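Engineer: How does the following fold in three dimensions:
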Amino acid sequence: METYSLLREFADSWMLLTLFVFFVGMFLWVMFRPGANKTYRDVANIPFRHEDKPAPAKRSGGEKEA
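Structural biologist: Numbers count the residues shown, from 1 in each chain. Alright, predicted model coming up:
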């Protein structure tokens with residue numbers, strides 16, 4: 001069997017299964033690990049933190065205020 005056919009057969013069978021199991025494992029780890037809910041809730045609310053007033057402007061070190 002030539003190398004391409006061997007690698008193609010491996011990728012079509014075991015590598016597909018390996019990557020699927022890895023994907024499901026990462027999904028479960030991200031969704032159900034302790035403390036994840038608080039972290040994701042905080043990140044999801046970033047756009048609403050300065051709803052009443054704009055965020056303070058950040059100046060770089062070289063700019064001077066007018």
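
Engineer: going forward, measure contacts between C-alpha atoms and count neighbours the same way
Structural biologist: Will do.

Engineer: residues contacting the residue positioned nearest the centre of the chain?
Structural biologist: In the chain, the residue lying closest to the centroid (CA atoms, centre = their mean) is residue 30, at 9.3 Å. By CA atoms under 8 Å, 6 or more residues apart in numbering, the contact set of residue 30 is residue 36.

Engineer: any idea how far it lies from residue 10?
Structural biologist: Using CA to CA, to the nearest Å, residue 30 is found at 29 Å from residue 10.

Engineer: do residue 50 as well
Structural biologist: Taking CA to CA as the measure, residue 50 falls 52 Å from residue 10.

Engineer: now the helices: where do they sit in this protein?
Structural biologist: In the chain, the segments counted as helices under DSSP state H are 3-10, 16-32, 36-44.

Engineer: where among those helices is the average confidence lowest?
Structural biologist: Lowest mean pLDDT within these: helix 36-44, at a mean of 84.

Engineer: So what angle separates the directions of that one and helix 16-32?
Structural biologist: 80 degrees (axes from the mean of the first three to the mean of the last three CA atoms, to 10 degrees).

Engineer: quick check, distance from helix 36-44 to the centre of its chain.
Structural biologist: Offset of helix 36-44 from its chain centre (CA atoms, centre = their mean, to the nearest Å): 13 Å.

Engineer: Please point out which parts of that helix sit buried.
Structural biologist: Across helix 36-44, burial judged by 16 or more other CA atoms under 10 Å covers no residue at all.

Engineer: what comes into contact with it?
Structural biologist: Under the criterion CA under 8 Å, 6+ apart, residues 30, 31 lie in contact with helix 36-44.
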